[in-house]
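> here's my sequence, what's the structure:
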Amino acid sequence: MLKPSYQLPDLTSLAGLETIEIFKALATANRSLAELKGRAAAIPNQGILIDTLALQEAKASSEIENIVTTQDELFQAELFPEGLESPAAKEVALYRDALKFGFDKLRQTDGLITNATIVGMFQLLKRRTDGFRQTPGTALKNDRSGEIVYVPPQDQREINAAMSELERFINDDQRSTLDPLIKMALIHHQFESIHPFPDGNGRIGRILNVLYLTRVELLEIPILYLSRAINNSKSEYYRLLQHVRDTGEWEDWLVYILKAVDETARTTLDLVENIRGQMASAKKRLRDELPKLYSQDLLNNLFRHPYTRIDFVQNELGITRQTAAKYLDTLAERGFLTKHQSGRNNYYINAPLVALFLKVSE
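Presented below is the predicted three-dimensional model:
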């Protein structure tokens, strides 16, 4: 059996983390995060942000694992899941579903992130029925050289015990005096080092980040997604993960994560502000040009689904299919949407909103 190459630390006993560089990065990250939380609350329907930004995070997080899809495939997957052919888009859609599952469970369990929730997310993401690893042999290798760079815990009992300790650390707000952002970075590192699942650990670990920020109320809803920042510095992310294991030194890792929080919060804030601006502009135009058509529910639909279809409008507005089709065709004729066809199905694109997402993902 492979011998683990790193002794998992007791996170509750870590000391000496309060360096000047960490404090600087922490103050900046907390300011950006607080501003994002406040501005996001101004969006009239929070489901708009959860649905649209969750898809963007799913795309970016999957790209870290070399699962690459396009924005068009991504939104087509939401429109026509029954006919989806792109394996990558299916993986991304499953990530989005796992994230939503985790957020729903968080609200159902009075703000607890349990191992049952973590396993449930894994099962949904990977379409499996098992849970934590039960057999030895897992080792992380360098993609290019094939060299083993890290061996996580191998024994099933050790994995279960480590995850139980991590569950306690995540949900215990009394024993730790650490800032929640520092704690999030420690949780992420510990989870990736335990590497509890046969597959999907990176993506589940990144979902845990935003669920934790929501649990400790640094965010109202899960809209801060670090995957884009990690994607832009993927080699550094993996280097620093291993650096902690090799040296026991946390500063560089913590500063890296805090800077990623700051960068992502500012990018997301800009995106939220642009969405809010587009919604305000569309609302004014609808009221001025199509007052009989306008409703807040219709406006929400156009921004909750960058690609929408008759069924979505029919179900969300509680109107007949014929009326929903008429609404969408009228909106397309007046330039609010662009109309497209896929086989026998029509769908409608909110092109300015999609352009925002394309700009962010460049």
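
> measure the residue with the largest distance to the centre of the chain to residue 346 for me?
Of all residues in the chain, residue 292 has its C-alpha farthest from the mean position, at 37.3 Å, by C-alpha atoms, centre = their mean. Distance, residue 292 to residue 346, using C-beta to C-beta, to the nearest Å: 22 Å. Yep, even glycine has a C-beta here, placed from its N, CA and C like the rest.

> helices and strands around the host helix or strand of residue 283, which ones?
Residue 283 belongs to helix 251-289 when assigned by DSSP states H and E. Judged by 3 or more C-beta pairs under 8 Å, 6 or more residues apart in numbering; DSSP states H and E, the packing partners of helix 251-289 are helix 20-40, helix 46-64, helix 180-194, helix 227-231, helix 234-247, helix 296-304, helix 351-361.

> and the third one, how far from the chain's centre?
For helix 180-194, the distance between its averaged C-alpha position and the chain's averaged C-alpha position is 16 Å (C-alpha atoms, centre = their mean, to the nearest Å).

> tell me which other helices or strands whichever helix or strand comes after it touches.
Downstream of helix 180-194, the first helix or strand assigned by DSSP H and E is helix 201-215. Using 3+ C-beta pairs under 8 Å, 6+ apart, the elements in contact with helix 201-215 are helix 46-64, helix 87-108, helix 115-126, helix 156-171, helix 180-194.

> how about the ones you listed in a markdown table, adding distance to residue 142?
Below are those laid out as a markdown table (distance: least, C-beta to C-beta, whole Å):
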| stretch | distance to residue 142 |
| --- | --- |
| helix 46-64 | 16 |
| helix 87-108 | 23 |
| helix 115-126 | 24 |
| helix 156-171 | 23 |
| helix 180-194 | 16 |
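
> which one of the helices and strands packed on helix 251-289 has the lowest average pLDDT?
Here the lowest mean pLDDT among the helices and strands packed on helix 251-289 goes to helix 46-64, at a mean of 80.

> what helices or strands is that one leaning on?
helix 71-79, helix 87-108, helix 201-215, helix 227-231, helix 251-289, helix 296-304, helix 351-361.

> can you list those helices in TSV and add distance to residue 151 and mean neighbour count?
Shown next, in TSV, are the helices and strands packed on helix 46-64 (distance: least, C-beta to C-beta, whole Å; neighbours: other C-beta atoms under 10 Å):
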stretch	distance to residue 151	mean neighbour count
helix 71-79	35	20
helix 87-108	26	19
helix 201-215	14	24
helix 227-231	23	21
helix 251-289	19	18
helix 296-304	44	19
helix 351-361	35	16
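
> in CSV: the ones you listed, plus distance to residue 11.
Formatted as CSV, those follow (distance: least, C-beta to C-beta, whole Å):
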stretch, distance to residue 11
helix 71-79, 36
helix 87-108, 20
helix 201-215, 13
helix 227-231, 21
helix 251-289, 13
helix 296-304, 38
helix 351-361, 33
